[in-house]
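Asker: quick one, what's the 3D model for this:
(2 chains)
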2 protein chains.
Amino acid sequence: MSAVASPSVSPAARLARQIAFIAECDKLKEIFRQTLNSQSKRAENDAEHSWHLCLCVIVLAEHANFPHLDVLHVLKMLIVHDLVEIDAGDTFAYDTAAMAHQHEREALAAERIFGLLPEDQAREFRGLWDEFEEKQTPEAKFATACDRFQPMLLNCLGQGGGWAKHGITHDRVVARNSQIALGSEALWQHAQKLIQELVDSGHLPSK
Amino acid sequence: MSAVASPSVSPAARLARQIAFIAECDKLKEIFRQTLNSQSKRAENDAEHSWHLCLCVIVLAEHANFPHLDVLHVLKMLIVHDLVEIDAGDTFAYDTAAMAHQHEREALAAERIFGLLPEDQAREFRGLWDEFEEKQTPEAKFATACDRFQPMLLNCLGQGGGWAKHGITHDRVVARNSQIALGSEALWQHAQKLIQELVDSGHLPSK
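Answerer: The predicted model follows:
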């Protein structure tokens, strides 16, 4: 692979800029989510979450609705999809008030954070994030399916702990997570069984 | 993509097995390393570390020594490279006594953990881990370069904090991290500058 550097930027300066970006992104480890990890029951952070999504992709890609999924592209999207939260913070998926201005806050963050990279990479990474947000391509749909499924799985493993403290009910869980079907019908079939088990065991109220 | 299931395993049973593996791997978030994150100064865990390596790969792949690097393969290797530590624990890179039996302990862990997957995937993932351990292919060499560089970067950002508490000296840091050059000469050039800055500022003793 060859670096696409502008003539005015030396290779060493380009690399220094890339490393400054990688250092800045270390902050993602301090952005905590509402989801609880299954073992310690502490809040999951965005960096762990992003890794867990990557694992979902390489294990579950065969179940995507799309026969020619570009797995590398899905992974790239998920590696960077939450970086905007370094500035914008995590928005709880069931907090409709906070979600109203979420995209606006995150777009500002995208400008700053991806802007740390050399120009060509800044454009590429911003493009990955825009594609993820727009959810139109097969890769964005499958990435979103994983991004819905993984916290749902952790909630099911933890007897709905992450949902219970916010009073989230079955209908809202289904409404949000049915988007999994757009990326993988098979995964949504399985997810519905997990959600129903939680209802049956009394850990997720119907209304 | 199509599932390579044996005729005796239903697609639903195959998916259930894959999801059980993804759930088990949640434990990686509780395996703590000696490296400290740059912001909170708490110990980094293996899941965060694995994500940060993936970020390094997609940002720095152009600096690999190899013109035709398979970036997807590098990412797959790094997503799974530390899963064995769920059973075997983290071995500090400068603890030569613990490192003596490290591979043996980790190979046992690989048997159990990758063995949770359907057989074809268990073989694929075990292959990725073996390749990473053997460090012979271009992809394994570049993955290793990132796996050396990222903790080194965090140590440099944290004034050598992760090394200082174990009395690690400059010569040992150089000996271990010079392996970066096998994956990326350019990255090793930059890394040496960062290490030298740490020596010059009095945060890394020469001997």
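Asker: show the pLDDT at A:Ala98.
Answerer: On the pLDDT scale, A:Ala98 is placed at 82.
Asker: an error on my part: the question was meant for A:Gly160.
Answerer: 87.
Asker: now it. Its backbone dihedrals?
Answerer: A:Gly160 adopts backbone torsions of phi 70, psi 20, taken as degrees, to the nearest 10.
Asker: distance between the lengthiest helix in chain A and the chain's centre?
Answerer: Counting by DSSP state H, the longest helix found in chain A is helix A:138-157. The chain centre lies 8 Å from the centre of helix A:138-157; the measure is Cα atoms, centre = their mean, to the nearest Å.
Asker: residue ranges in chain A under the pLDDT threshold?
Answerer: Residue ranges of chain A with pLDDT under 70: A:1-7.
Asker: give the contact list for the most centrally placed residue in it.
Answerer: Centroid-nearest residue in chain A: A:Asp147, 4.7 Å away (criterion: Cα atoms, centre = their mean). Going by Cβ atoms under 8 Å, 6 or more residues apart in numbering or on different chains, A:Asp147 touches A:Leu53, A:Leu78, A:His81. Where C-beta positions appear, they are placed from N, C-alpha and C, glycine not excepted.
Asker: the second one should be in a helix, yeah?
Answerer: Yes. Using DSSP: H, G, I helix; E, B strand; the rest coil, the secondary structure at A:Leu78 is a helix.
Asker: any idea how far it is from A:Trp163?
Answerer: A:Leu78 is 23 Å from A:Trp163, where distance means Cβ to Cβ, to the nearest Å.
Asker: please apply the same query to the first one.
Answerer: For A:Leu53, the distance to A:Trp163 equals 19 Å [Cβ to Cβ].
Asker: next: the last one.
Answerer: Noted for A:His81: a distance of 22 Å to A:Trp163, by Cβ to Cβ.
Asker: who's more crowded, these two?
Answerer: Per other Cβ atoms under 10 Å in any protein chain shown, whichever of A:His81 and A:Trp163 has more neighbours is A:Trp163, with 25 against 22.
Asker: surely the more buried one and A:Asn155 touch.
Answerer: Yes. A:Trp163 is within contact range of A:Asn155, at 5.4 Å (criterion: Cβ atoms under 8 Å).
Asker: pairing partners for the longest strand anywhere in chain A, with directions?
Answerer: Looking across chain A with DSSP state E, the single longest strand is strand A:32-36. Partners of strand A:32-36 in the sheet, by DSSP bridges, are strand A:43-45 (antiparallel).
Asker: what's the angle between the next helix-or-strand element following the partner strand and helix A:138-157?
Answerer: Next along the chain after strand A:43-45, taking DSSP states H and E as the criterion, comes helix A:46-60. Interaxial angle of helix A:46-60 relative to helix A:138-157 (axes from the mean of the first three to the mean of the last three Cα atoms, to 10 degrees): 110 degrees.
Asker: tell me the gap between helix A:46-60 and the middle of its chain.
Answerer: For helix A:46-60, the distance to the chain centre is 9 Å (Cα atoms, centre = their mean).
Asker: other SSEs contacting that helix?
Answerer: strand A:32-36, helix A:71-80, helix A:138-157, helix B:11-24, helix B:46-60, helix B:71-80 (3 or more Cβ pairs under 8 Å, 6 or more residues apart in numbering or on different chains; DSSP states H and E).
Asker: which of these sits closest to A:Ile113?
Answerer: helix A:71-80 (9.1 Å; Cβ to Cβ).
Asker: list the helices and strands the helix or strand following that closest one packs on?
Answerer: For helix A:71-80, the following helix or strand on the C-terminal side (DSSP H and E) is helix A:85-88. Applying 3+ Cβ pairs under 8 Å, 6+ apart, one finds that helix A:85-88 contacts helix A:102-114.
Asker: anything in the helix it packs on near chain B?
Answerer: No. Judged by Cβ under 8 Å from any Cβ of the partner chain, helix A:102-114 and chain B are separated, with a smallest distance of 11.0 Å.
Asker: just the CA trace of the next helix or strand after that helix, in CSV.
Answerer: Following helix A:102-114 in sequence order, the next helix or strand is helix A:119-134 (DSSP H and E). Provided in CSV are the C-alpha atoms of helix A:119-134 (Å, rounded to 0.1, in the frame of the first residue of the first chain):
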residue,chain,number,x,y,z
GLU,A,119,-6.7,14.9,4.6
ASP,A,120,-7.3,11.8,2.4
GLN,A,121,-7.8,9.6,5.5
ALA,A,122,-10.0,12.2,7.2
ARG,A,123,-12.3,12.0,4.1
GLU,A,124,-12.2,8.2,4.1
PHE,A,125,-13.1,7.8,7.8
ARG,A,126,-15.7,10.5,7.7
GLY,A,127,-17.2,8.6,4.8
LEU,A,128,-17.3,5.4,6.8
TRP,A,129,-19.1,7.2,9.7
ASP,A,130,-21.6,8.9,7.3
GLU,A,131,-22.3,5.5,5.7
PHE,A,132,-22.9,3.9,9.0
GLU,A,133,-25.2,6.7,10.1
GLU,A,134,-27.2,6.6,6.8
